[in-house]
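S.K.: What would the 3D arrangement of this be:
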Amino acid sequence: MLEIKHISSGYGKKQVLYDVSLQVNNGEVVLLTGGNGSGKSTLLKCIYNSLPCWTGEIFFKGEKINGLKSSDLIKKGIVYIPQKDFYFENLTVKENLQISGYTLPKGVLKERIAEVYDLTGLTKFRKRKPFNLSGGERKILAFGMGLIHKPKLLLFDEPFAGVDAKNTTTLLRLFKETIIKPDNGVIIVEHKDDARQLFTRKVIMELGKTQNITS
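M.R.: Residues are numbered from 1 along each chain as shown. Purely as a prediction, here's the structure:
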């Protein structure tokens, strides 16, 4: 599904990724783990082109996607949920869901929002703004905004950070019911043990390189 070949990248003159290669097959949930500054989040940003690659190539279903706009990647089924600032603080839950799917036809968007409400339990919060939600509820909102597009490849940076036990259970259920399927792929950056219930393969990153791969 996803093939990353010899990616190098960084911020300004500071190099963070060094010749990184990685594959994600259909049905896989890949966990990226490693210390702070090892390049995990940077790799997700490069896949989504929110940070340009200095060298290397990225292919999705055999098509080179380097340099494509995020709107084009979303249309292809690639959704990236960063650790922070995925939602709009000044908008309600309903408005966040609406704006996340602004490229969809109105009828389709209405149906997708109804589906997200049913799956996530966000209906009761639809008039609230994110600052009135708990950390776990905000992560569920971010997940719901991603689900609007029915992703084939989901990139999720620390989905369980700052999430209590109740909302962790909800997030695990959402992963299993909506994303983890034979034709889909997932890359998770996570430190908490909750991700153990999801991943099929673990990739350890150290100093901007993939150092070890375990099943």
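
S.K.: which regions of the chain lie under the pLDDT threshold?
M.R.: For the chain, applying pLDDT under 70 flags the ranges 212-215.

S.K.: Helix or strand next in line after the helix ranked longest in the chain, which one?
M.R.: Ordering each helix of the chain by length in residues (DSSP state H) puts helix 106-120 first. Next helix or strand after helix 106-120 toward the C-terminus (DSSP states H and E): helix 135-147.

S.K.: Give me the phi and psi for residue 57.
M.R.: The phi/psi pair for residue 57 (degrees, to the nearest 10) reads phi -140, psi 150.

S.K.: repeat for residue 167
M.R.: As for residue 167, its main-chain torsions (degrees, to the nearest 10) stand at phi -70, psi -30.

S.K.: Neighbours of residue 101, how many?
M.R.: 20 (other C-beta atoms under 10 Å). C-beta: built from backbone N, CA, C; applies to glycine.

S.K.: i'd like the first residue to be 34 from this point on
M.R.: Renumbered: residue one is now 34, and that last one reads residue 134.

S.K.: got the contact list for it?
M.R.: Going by C-beta atoms under 8 Å, 6 or more residues apart in numbering, residue 134 touches 141, 142, 145, 146, 181, 182.

S.K.: What is the three-state secondary structure of residue 135?
M.R.: Following DSSP: H, G, I helix; E, B strand; the rest coil, we place residue 135 in the coil state.

S.K.: Could you find the closest non-adjacent residue to it?
M.R.: residue 142 (7.8 Å; C-beta to C-beta, 6 or more residues apart in numbering).

S.K.: got the contact list for the one you found?
M.R.: 131, 134, 135, 181.

S.K.: JSON lines for these, including distance to residue 213?
M.R.: Formatted as JSON lines, these follow (distance: C-beta to C-beta, whole Å):
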{"residue": "131", "distance to residue 213": "26"}
{"residue": "134", "distance to residue 213": "22"}
{"residue": "135", "distance to residue 213": "27"}
{"residue": "181", "distance to residue 213": "18"}
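
S.K.: Is there a quick PyMOL command that grabs whichever of these are buried?
M.R.: With 16 or more other C-beta atoms under 10 Å as the criterion, this PyMOL line picks the buried residues out of the contacts of residue 142:
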select buried, resi 131+134+181
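
S.K.: of all the contacts of residue 142, which comes closest to residue 117?
M.R.: Within those, distances to residue 117 taken as C-beta to C-beta reach their minimum at residue 181, with 19.3 Å.

S.K.: Contacts only, for the closest one.
M.R.: 130, 133, 134, 137, 142, 145, 146, 149.

S.K.: do that again at 7 Å, thanks
M.R.: Residues in contact with residue 181 (C-beta atoms under 7 Å, 6 or more residues apart in numbering) are 130, 133, 134, 145, 149.
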